[in-house]
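Colleague: below are the sequence and a predicted model for it; my questions follow.
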Amino acid sequence: MTLEIRWHCRQGTRTIDNRDHAGIGIRGDAVLAIVLDGSTSGSASGDFAPEIARSMVDWFVTATEQVTADALIAQLRMTHAVLAMEFRTDSASYALLHFEATRPALVLHAGDCLVGRHAEDGRIAWLIQPHTLANPLLPVAIESLAKDPARHRLTRSFRSKRFISPDLNSFQLDDGPLLLATDGFWAELDPHQQVDFIERRVGMVEHDRDDCGALSILRGKSGSGIELIDADAAPSFYLRSQANLRR
């Protein structure tokens, strides 16, 4: 299986540190990808998010058992138990994706990070809904959610005070890019700006802008190898693989 991985991340102006982080674990033909957005309210949420990513990726790469939804949730719960002792008032949204070459992909998420399919024309079909007070009961179009101030109030996330089980979804893979993104991407950038951001046609950070992160994963039809593009994003990106990595 061939993978092309791109992590695009831009720090905003609402915190002194970047709180959008991503991690990739690769084990044979299986991949675990996670994108996290640390809360702006927790003083150490910017450190909390990468610790979650590192914990999940390290477990995945070194584990020997079959990875199922139950195993992923159990490891999220274990990660919470370990980190909650150090991060007592912090939280993060996350979207976690696991897929293998011949099986449907699993998506676990809590908060306002989303997973979508990215078409060549720039259109993104979002596959899940965020957990916010703007859509507490029924699905709402992402374009409408982006304009609703209530979306900033989350009903679910990875919270240090107590573990909250994520939502679980599954879908068949295709040969188009998958996109895992924080709300700084899907809610604060319009469709044209999203394309510019992914293609690195982005200028200076505007006033009062949230951190913005988007992880793109493109699976090739044949061959074997991993290509990490835009490696300058490394401070907010964690990669661990059992295979050889070429840059």
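Modeller: Now that the structure is in, tell me what you want to look at. Residues are numbered from 1 along each chain as shown.

Colleague: what's downstream of the helix or strand bottoming out on mean pLDDT in the chain, the next helix or strand?
Modeller: Least confident helix or strand, the chain: strand 225-229 with a mean of 65, by mean pLDDT, DSSP states H and E. Remark: after strand 225-229, the chain's next helix or strand is strand 237-241, criterion DSSP states H and E.

Colleague: partners of that following strand in the sheet?
Modeller: strand 20-27 (parallel) (DSSP bridges).

Colleague: neighbouring contacts of the partner strand?
Modeller: Outside strand 20-27, the residues within contact range by CB atoms under 8 Å, 6 or more residues apart in numbering are 3, 5, 7, 9, 11, 31-38, 49-50, 53-54, 56-58, 60-61, 63, 180, 182, 184, 211-213, 215, 226, 236-243. In short, each C-beta sits where N, CA and C put it, glycine included.

Colleague: what do you get if the cut-off is 6 Å, keeping everything else the same?
Modeller: 7, 9, 32-37, 49-50, 53, 57, 60-61, 182, 211, 213, 215, 236-243 (CB atoms under 6 Å, 6 or more residues apart in numbering).

Colleague: which of those fall within helices?
Modeller: 49, 50, 53, 57, 60, 61 (DSSP state H).

Colleague: where does the prediction get shaky in the chain?
Modeller: Applying pLDDT under 70 to the chain picks out residues 1, 201-207, 220-234, 243-247.

Colleague: 80 instead?
Modeller: Within the chain, the stretches falling below the threshold (pLDDT under 80) are 1-3, 101-102, 120-122, 175, 200-208, 219-234, 242-247.

Colleague: in it, what residue spans correspond to helices?
Modeller: 45-62, 69-83, 142-145, 183-186, 191-198.

Colleague: show me the beta-bridge partners of residue 36.
Modeller: residue 21, residue 94.

Colleague: ok, now which ones touch it?
Modeller: 21, 49, 52, 53, 92, 94.

Colleague: burial count for the closest residue to residue 159 other than its chain neighbours?
Modeller: Of all residues not flanking residue 159 in the chain, residue 91 sits nearest, at 4.4 Å (CB to CB, 6 or more residues apart in numbering). Counted by other CB atoms under 10 Å, the residues lying close to residue 91 total 22.

Colleague: with residue 61 instead?
Modeller: Neighbour tally, residue 61, other CB under 10 Å: 17.

Colleague: residue 96 versus that one, what's the distance?
Modeller: Residue 61 sits 14 Å away from residue 96 when distances are taken as CB to CB, to the nearest Å.

Colleague: then residue 83?
Modeller: Distance from residue 83 to residue 96, by CB to CB: 15 Å.

Colleague: tell me the buried residues within the contacts of strand 20-27.
Modeller: 7, 9, 32-37, 49-50, 53, 57, 60-61, 182, 211, 213, 215, 236-241 (16 or more other CB atoms under 10 Å).

Colleague: distance across stretch 164-177, terminal residue to terminal residue?
Modeller: 29 Å (CA to CA, to the nearest Å).

Colleague: what sits against residue 99?
Modeller: Residue 99 sits in contact with 31, 105, 173, where contact means CB under 6 Å, 6+ apart.

Colleague: want to throw these into JSON lines with neighbour count and distance to residue 195?
Modeller: Formatted as JSON lines, the contacts of residue 99 follow (neighbours: other CB atoms under 10 Å; distance: CB to CB, whole Å):
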{"residue": "31", "neighbour count": "24", "distance to residue 195": "24"}
{"residue": "105", "neighbour count": "18", "distance to residue 195": "24"}
{"residue": "173", "neighbour count": "16", "distance to residue 195": "22"}
